[in-house]
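Visitor: let me see the structure of the following:
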Amino acid sequence: MYLLTTMNDRRWDELAELFCQSTKIGPGDKVLLNAVELDALPLLFAIYRKGLEKGASYIDYQIDFEDLNRYLLLNANKEQLDFFPKWKLEAMKEMDVYIGIRARMNGLMYNGIPMEKISRNRKRNDPIIDERVDHTRWCITRVPTDYDAAMAEMSTQEYIDYFFEATLQDYGVIKEMNQKLMSMMEKTDRVRIVSQDGTDIDFSIKGIPVHECHGERNLPDGEVFTAPVIDSVNGRIKYNIPSIYEGKEWTNITFLFENGRIVEADCKQGKMEINKILDIDEGARYIGEFALGTNPGIKRPGKNTLFDEKMLGSFHLTPGGAHQEADNGNRSMVHWDLIKMMDSKYGGGVIFFDGTPIMVNGQFISLEA
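Guide: Here you go, the predicted structure:
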């Protein structure tokens with residue numbers, strides 16, 4: 001709970017102002033602040049104060065605890081895991097704005113819990129999440145914790161400073177960069193990615209909408225995303241950034257694609273383990289997102305996907321369901337943002353758009369509107 005000692009840090013107020021701007025909080029709005037763990041309180045308090053100043057009619061707040069969620073998953077029976085809280089859905093329907101403030105105390109919290117239980121519990125909340133995503137102005141972040149600092153191999157104070165550098169970016173500058181990249185992607189048919197670790201993958205993005213993000217949904221933000229034509233992905237990819245997914249750490253993930261489908265998968269944790277995820281449903285073996293990171297304030301991975309996927313010089317190629325804004329038709333319970341860094345420190349590589357290199361060793365070399 002180190003962050004509770006930083007309640008008076010003025011940067012929380014700056015970030016709260018950014019959240020209010022991103023979600024356009026104004027007179028008459030009903031706002032839900034959903035916090036996870038007590039380390040979320042400095043930002044929750046700051047947004048609560050700012051929201052009232054902006055004229056919001058009502059601001060509600062919830063605080064969840066991961067230890068209780070783990071206990072539920074370990075001990076609940078089928079009926080308890082499937083129970084749907086209708087009142088939560090009705091409450092979400094009343095909200096104009098949703099802000100999620102996550103504090104990750106232990107990214108491996110769900111280690112040892114069967115994937116079937118995690119998926120079952122998540123599925124019962126899907127209608128609430130769909131209501132939030134489709135019908136509120138929403139934005140989320142993950143505040144720094146001692147755990148995050150350890151994962152990023154920093155002291156807690158260093159990581160707090162890093163967090164604010166990443167989140168308090170000039171999103172107008174990022175938007176300008178994103179729009180140039182988006183314009184290129186909208187004109188592109190074939191994407192090819194090669195690197196010295198054996199990655200050589202090719203796919204089409206022709207006809208799939210392209211969307212850019214500059215601080216309206218996630219903080220930190222900075223990415224441009226689309227999706228491959230669902231059956232167009234061929235080749236091999238090796239991801240070089242560790243991923244925390246469903247409470248477990250995954251490293252050295254490799255996929256082999258044939259006509260869009262993952263036909264071989266392996267990782268340090270073993271073929272059986274990763275194929276359990278890919279076999280949840282048929283859509284999990286197809287790609288639902290291709291995105292390039294564009295946030296210059298995120299300079300190193302920290303086993304924190306919300307941050308890592310925005311790293312300038314990285315891309316993510318995501319097994320599972322497509323985003324509504326860039327829909328290639330793939331449907332799945334899975335959406336796993338797996339990241340590859342193209343910087344020379346990570347082995348380098350080249351991304352081609354229709355045969356023209358647009359990124360070499362993590363550096364964009366041509367961004368023309």
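Visitor: chain neighbours aside, what residue packs nearest to residue 303?
Guide: residue 151 (4.3 Å; CB to CB, 6 or more residues apart in numbering). Where you see a C-beta, it was placed from the backbone N, CA and C, and this is true even at glycine.
Visitor: tell me who's in contact with the one you found.
Guide: Counting by CB atoms under 8 Å, 6 or more residues apart in numbering, residue 151 touches 107, 302, 303, 304.
Visitor: quick one: pLDDT of the second one?
Guide: Going back to what we said before, that points to residue 302. What the model reports as pLDDT for residue 302 is 92.
Visitor: same deal with residue 249?
Guide: What the model reports as pLDDT for residue 249 is 88.
Visitor: what strand or helix carries it?
Guide: According to DSSP states H and E, residue 249 maps onto strand 248-250.
Visitor: buried ones in the very next helix or strand once past that strand?
Guide: Downstream of strand 248-250, the next assigned helix or strand under DSSP H and E is strand 254-258. For strand 254-258, the buried set under the neighbour-count rule, 16 or more other CB atoms under 10 Å, comprises 254, 255, 257.
Visitor: same check, this time on stretch 174-183
Guide: Here stretch 174-183 shows 174, 175, 177, 178, 180, 181, 182, 183 as buried, counting by 16+ other CB under 10 Å.
Visitor: all helices of the chain, in order?
Guide: Assigned by DSSP state H, the chain shows helices spanning 10-23, 41-53, 66-75, 78-82, 86-94, 115-124, 126-135, 146-151, 156-167, 171-186, 271-278, 305-308.
Visitor: most surrounded residue in the contacts of residue 151?
Guide: residue 302 (25 neighbours; other CB atoms under 10 Å).
Visitor: around residue 120, count how many other residues there are.
Guide: Counted by other CB under 10 Å, the residues lying close to residue 120 total 15.
Visitor: how about it: what's its closest non-neighbour residue?
Guide: In space, and not counting its chain neighbours, residue 120 is closest to residue 81: 5.0 Å by CB to CB, 6+ apart.
Visitor: one more: residue 222?
Guide: Residue 222's closest residue in space is residue 295 (CB to CB, 6+ apart), at 3.0 Å.
Visitor: the one you found and residue 220, how far apart?
Guide: According to CB to CB, to the nearest Å, residue 295 stands 6 Å off from residue 220.
Visitor: repeat that for residue 318.
Guide: 18 Å.
Visitor: how about residue 14?
Guide: Distance, residue 14 to residue 220, using CB to CB: 13 Å.
Visitor: do residue 16 as well
Guide: According to CB to CB, residue 16 and residue 220 sit 15 Å apart.
Visitor: who has more neighbours, those two?
Guide: Shown here are residue 16 and residue 220; by other CB under 10 Å, residue 220 has more neighbours (25 against 22).
Visitor: what residues are up against the more buried one?
Guide: 141, 166, 167, 169, 295, 297, 298, 306, 307, 310.
Visitor: selecting buried members of those residues in ChimeraX, what would you type?
Guide: Buried residues among these (16+ other CB under 10 Å), as a ChimeraX selection:
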select :141,166,167,169,295,297,298,306,307,310
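Visitor: low-confidence regions, the stretch 51-200 of the chain specifically.
Guide: For the stretch 51-200 of the chain, no stretch has pLDDT under 70.
Visitor: can you do 90?
Guide: Per-residue confidence for the stretch 51-200 of the chain (pLDDT under 90) gives these ranges: 78, 81-82, 104-126.
Visitor: give me the neighbour count for the residue nearest to residue 30 when sequence neighbours are not counted.
Guide: In this structure, residue 30 finds its nearest non-sequential neighbour in residue 58, 4.7 Å apart by CB to CB, 6+ apart. The local packing of residue 58 (other CB under 10 Å) involves 14 other residues.
Visitor: for residue 366, same thing?
Guide: 12.
Visitor: what residues are up against it?
Guide: 184, 356, 357, 358.
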